[in-house]
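Student: pasting the structure only:
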């Protein structure tokens, strides 16, 4: 089996590549990355040590994609992942990265009848609709209020695939949603398998600690290094909730999809930690305090445009169609992050 991974030097791309080699050492794995994210070059030595071939290139450049060797499956991990991308100018950059890059990859899949596994995002869901989810203040967190009539696609289990995707969803979300549509159209028109996985927050050891890459690692690193932290928005209490998932659990699903490309099921799945692996910022602070000691958290009650109070992934469709569910708990993932951070204070202290 030959696998091509875009964004292979990033956190998710590198973890998936190494995980694939662990489980299938006989597979040939090739990756491309432009190394634009500071710190991504530090993952290259681990990839090369496992005989994973790295190519320095950019998915925005058609020539770079055309020169890549053929593969049986392409896992697309390349993206500008920030929900704020393009808001302060430079919107063409996020469009080039997340939409034009995807189109270049789909052209490669068309030519080679190569399967396409797209890592999309929960940020394709409507910000206005998410803000209207009925919630109540529970113990250190917002909890969903499931009495009465609920919005379409929302239940006590979280957000399902039929939740609204109407604007506004952010420029970032719009590029990913457009990429989803194009991927499905290409797969249907040219006869190659496509799976789209709308991921929640992916977290684990080795993240660079930037807030746009995942709040959980960022919060742990800042706490460990005794740097400032703030509860921002929704009253400044830290009650907002997200779920988290480790890349190893995501890989379990991708391997199922690779193994059964002709399965006639829905091609879009929500993939996240689910309600049992959801945490508020205040609960995350409780974890950090128990592990690293107490710390003062600032409060800023004003809510920013793209912030949401509650997002938890409903994995019911992935479970029903693939028998998939996360094997690791939120606490397992947080412990992994914390252990790695303690052993790599110099790395995280450099501000990657």
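Tutor: Thanks, I have it. The structure displayed is predicted, hence computed values, not measured ones. Residues are numbered from 1 along each chain as shown.
Student: pop out the phi and psi values for the closest residue to residue 106 other than its chain neighbours.
Tutor: Distance criterion CB to CB, 6 or more residues apart in numbering; nearest residue to residue 106, sequence neighbours excluded, is residue 186 at 4.4 Å. (C-beta placed from N, C-alpha, C; glycine too.) When read as degrees, to the nearest 10, the backbone of residue 186 gives phi -60, psi -50.
Student: show me the contacts for residue 186.
Tutor: The contact partners of residue 186, by CB atoms under 8 Å, 6 or more residues apart in numbering, come to 106, 109, 110, 116, 192, 194.
Student: Three-state assignment for the residue nearest to residue 201 when sequence neighbours are not counted, please.
Tutor: Spatial nearest neighbour of residue 201, excluding adjacent residues (CB to CB, 6+ apart): residue 244 at 4.7 Å. Put simply, residue 244 is strand when judged by DSSP: H, G, I helix; E, B strand; the rest coil.
Student: can you check the one 10 residues further on too?
Tutor: When classified by three-state DSSP, residue 254 comes out as helix.
Student: that older thread, and the gap between the residue nearest to residue 106 and residue 114?
Tutor: Residue 186 sits 11 Å away from residue 114 when distances are taken as CB to CB, to the nearest Å.
Student: kindly report the same for residue 261.
Tutor: 11 Å.
Student: more crowded one of the two?
Tutor: Counted by other CB atoms under 10 Å, residue 261 and residue 114 do not tie: residue 114 has more neighbours, with 20 against 14.
Student: now do the same contact list for that one.
Tutor: 4, 70, 71, 72, 73, 74, 108, 192.
Student: with residue 328 instead?
Tutor: The neighbourhood of residue 328, defined by CB under 8 Å, 6+ apart, consists of 246, 248, 249.
Student: which parts of the stretch 101-250 of the chain are helices?
Tutor: Along the stretch 101-250 of the chain, counting by DSSP state H, counting those that start in this stretch, helices occupy 101-112, 127-131, 171-190, 215-224, 247-259.
Student: include mean pLDDT when you put those helices into a markdown table, please.
Tutor: Below are the helices of the stretch 101-250 of the chain laid out as a markdown table (pLDDT from 0 to 100):
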| stretch | mean pLDDT |
| --- | --- |
| helix 101-112 | 97 |
| helix 127-131 | 94 |
| helix 171-190 | 96 |
| helix 215-224 | 95 |
| helix 247-259 | 97 |
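Student: and those helices, which is most packed in?
Tutor: Sort those by mean neighbour count, taking mean count of other CB atoms under 10 Å, and helix 215-224 sits at the top with a mean of 22.
Student: end-to-end on stretch 160-180?
Tutor: 16 Å (CA to CA, to the nearest Å).
Student: pull the number of nearby residues for residue 299.
Tutor: Residue 299, neighbours per other CB under 10 Å, totals 11.
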